[in-house]
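# give me a model of this one.
(one chain, ligands or ions: 1)
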Amino acid sequence: MNANFLNLSPEELAAALSEMGEPAYRAGQIFSWMHKGVTLSGMSDLPKKLRASLAERGEVFFPEVVRKLVSKIDGTTKYLFSLADGQMIESVVMRYKYGNTICISSQVGCRMGCRFCASTLGGKVRDLEPGEMLGQIIAAEKDLGERISHVVMMGIGEPMDNYDNVVKFLRLVNHEKGLNISYRAISVSTCGVAEKIRKLAEEDFPITLSISLHASDDETRSAIMPVNNKYPLDVLMPACRYYFDRTGRRISFEYTLIAGKNDDTASAGRLAELLHRHFGRNCPVHVNLIPLNEVKERGLKTSTPKSVRAFQEKLDSLGINATVRRTLGPDIQASCGQLRRRELDGEAPVTAENAGEEERTPD
Ligand code: SAH
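Here you go, the predicted model:
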């Protein structure tokens with residue numbers, strides 16, 4: 001792959017330009033152009049000669065839309081993007097009253113091995129570069145012709161397993177000369193890599209941290225999330241508490257409800273106890289209940305609406321704030337990893353009646 005200038009901060013660009021004998025102010029121009037989705041050839045206020053010498057050193061690459069699915073139900077838009085080396089990732093844009101939120105991928109595949117997840121089938125292929133994370137947002141904005149105001153890192157991959165690139169991405173996406181997305185409008189989700197949660201706390205970004213918890217005892221959690229063998233609950237939870245103490249940001253705990261595995265009210269009771277033990281009586285956390293999105297290779301079943309309700313009521317009665325996540329884009333397989341999986345398996349992406357699909361060939 002050619003070097004992608006989109007990975008660079010204005011300071012790094014300025015350093016590269018100075019090596020080429022060019023004035024530093026060009027860095028600001030290039031940075032702004034790139035973050036508006038413009039490649040070298042479109043940077044009209046740069047001398048042609050400079051553009052040509054930059055092109056000898058690298059390129060400005062944006063992920064290319066291979067497939068785009070638009071939900072007829074709620075407008076949720078899912079992209080299958082291809083990268084410079086032909087690898088594929090997914091991003092989803094969700095339409096909320098307060099603006100557009102994009103869910104982006106942080107790796108090609110994932111090596112965390114969660115038993116219910118489609119992204120980890122086939123393992124991790126590689127980490128995404130900062131510019132490839134940023135590029136998903138820019139490419140989606142360009143395609144939609146709309147601004148994206150919120151970012152969640154809940155797509156394919158484990159952000160804390162690609163820590164340095166994710167932190168670099170966070171600085172780039174927040175940059176005032178770039179997309180200028182506020183840290184408060186960004187969520188990072190992790191399956192629980194405790195040491196990286198502590199490290200992230202020390203970066204002092206006021207982002208929201210989401211923890212994919214999915215179980216309230218070690219035995220159940222280790223059975224569905226291998227990461228728990230390395231970072232069991234008595235290691236993970238203090239790291240979460242540290243994050244809260246250091247940033248003052250309320251943590252969001254994700255809990256995927258799987259029939260017969262973790263969705264009984266006794267589990268809900270244990271969850272409340274676990275959260276109270278680590279966060280105290282008035283517990284400044286939020287629990288997001290997510291009925292499992294069934295992945296056919298996984299053979300696990302989603303909870304019944306009745307169990308979901310009982311689980312939520314139990315938490316509520318114990319003073320834990322919990323909401324059931326609304327399913328967006330149910331007609332387009334909007335959950336992470338499923339579209340890429342189908343593409344790799346050579347299956348049709350969705351059935352014909354789920355039109356709204358625009359198929360593209362990368363140009
Ligand atoms: N690796 C990160 C982010 C990606 S997954 C993490 O684990 O947090 C985003 C969220 O979707 C996680 O909470 C994950 O556990 C959940 N998830 C994955 N597969 C799912 C499925 N089939 N049904 C419901 N939620 C799922």
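
# alpha carbons only for contacts and neighbour counts from here, please
Will do.

# so what's Arg326 scoring on pLDDT?
Among the per-residue scores, Arg326 holds a pLDDT of 73.

# near it, how many other residues are there?
Per other C-alpha atoms under 10 Å, the neighbour tally for Arg326 reads 11.

# for it, which three-state class applies?
State at Arg326, reduced to three classes by DSSP: H, G, I helix; E, B strand; the rest coil: coil.

# identify the bridge partners of the residue nearest to the spatial centre of the chain.
Central residue check for the chain by C-alpha atoms, centre = their mean: the C-alpha nearest the mean position is that of Met153, 1.9 Å away. Counting by DSSP bridges, Met153 forms beta bridges with Val188.

# quick check: it vs Ala266, distance?
Between Met153 and Ala266 the computed distance is 31 Å (C-alpha to C-alpha, to the nearest Å).

# what does Cys103 give?
Distance of Cys103 to Ala266, computed by C-alpha to C-alpha: 32 Å.

# and these two? Which one has more around it.
Neighbour count, other C-alpha under 10 Å: between Cys103 and Ala266, Cys103 has more, with 25 against 13.

# can you report phi and psi for that one?
Cys103 has phi and psi values of phi -100, psi 120 when expressed as degrees, to the nearest 10.

# what bridges to it?
Beta-bridge partners for Cys103, by DSSP bridges, are Val92, Val152.

# what pLDDT does it get?
96.

# over to Leu233?
Leu233 is assigned 98 on the pLDDT scale.

# for Pro362, same thing?
We have a pLDDT of 35 for Pro362.

# now do stretch 90-101: everything it contacts.
Outside of stretch 90-101, the residues within contact range by C-alpha atoms under 8 Å, 6 or more residues apart in numbering are 74-81, 102-105, 136, 140, 147-152, 155-156, 328, 334, 336-337, 339-340.

# show me how to select, in ChimeraX, the buried members of those residues.
Remark: buried members of the contacts of stretch 90-101, expressed as a ChimeraX selection using 16 or more other C-alpha atoms under 10 Å:
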select :75,76,77,78,79,80,81,102,103,104,105,136,140,148,149,150,151,152,155,156,328,334,336,337,339,340
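
# list, out of the contacts of stretch 90-101, those positioned next to the ligand.
Restricting those to those near the ligand by C-alpha under 6 Å from any ligand atom leaves 155-156.

# the contacts of stretch 90-101 in strands, which ones?
77-81, 102-103, 150-152 (DSSP state E).

# which one of those is nearest to Glu11?
Nearest to Glu11 among these is Val151, at 24.1 Å by C-alpha to C-alpha.

# verify the stated contact: that closest one with Ser105.
No - shown here, Val151 and Ser105 do not form a contact pair, counting by C-alpha atoms under 8 Å, at 10.7 Å.

# what about Asn228, how many residues close to it?
Asn228 has 24 neighbours, counted by other C-alpha under 10 Å.

# my error: substitute Phe5 in the last question.
Other residues near Phe5 come to 22 when the count uses other C-alpha under 10 Å.

# what's the answer for Asp264, then?
Around Asp264 there are 18 other residues, counting by other C-alpha under 10 Å.

# shouldn't Leu54 be within a helix?
Yes - under three-state DSSP, Leu54 sits within a helix.

# in space, what's closest to Glu11 - neighbours in sequence excluded?
Setting aside the residues directly before and after it, Glu11 is nearest to Ala27 in space (C-alpha to C-alpha, 6 or more residues apart in numbering), at 7.6 Å.

# the one you found - that's part of a helix, no?
Yes - membership of Ala27 in a helix is supported by three-state DSSP.

# how close does it sit to Gly37?
Here Ala27 is placed at a distance of 16 Å from Gly37 (C-alpha to C-alpha).

# close to the ligand: what parts of the stretch 101-250 of the chain are there?
Within the stretch 101-250 of the chain, the positions near the ligand by C-alpha under 6 Å from any ligand atom are 116-117, 154-158, 189-191, 211-212.

# out of these, grab the one that's most surrounded.
Among these, Gly157 has the most neighbours (other C-alpha under 10 Å), with 32 neighbours.

# need the contact list for that one.
Residues in contact with Gly157 (C-alpha under 8 Å, 6+ apart) are 105-111, 119-120, 124.

# go on, Val227?
Neighbour list for Val227: 112-113, 191-193 [criterion: C-alpha under 8 Å, 6+ apart].

# cool, and Arg241?
By C-alpha under 8 Å, 6+ apart, the residues touching Arg241 are 278-279.

# just the element for it, please.
helix 233-247 (DSSP states H and E).

# what angle separates the helix or strand just after that helix from helix 233-247?
Next in sequence after helix 233-247, counting helices and strands by DSSP H and E, comes strand 251-257. Per axes from the mean of the first three to the mean of the last three C-alpha atoms, to 10 degrees, the angle that strand 251-257 makes with helix 233-247 is 140 degrees.

# just how off-centre is strand 251-257 within its chain?
Remark: strand 251-257 is offset 15 Å from the chain centroid, using C-alpha atoms, centre = their mean, to the nearest Å.

# and stretch 60-70, by the same measure?
16 Å.
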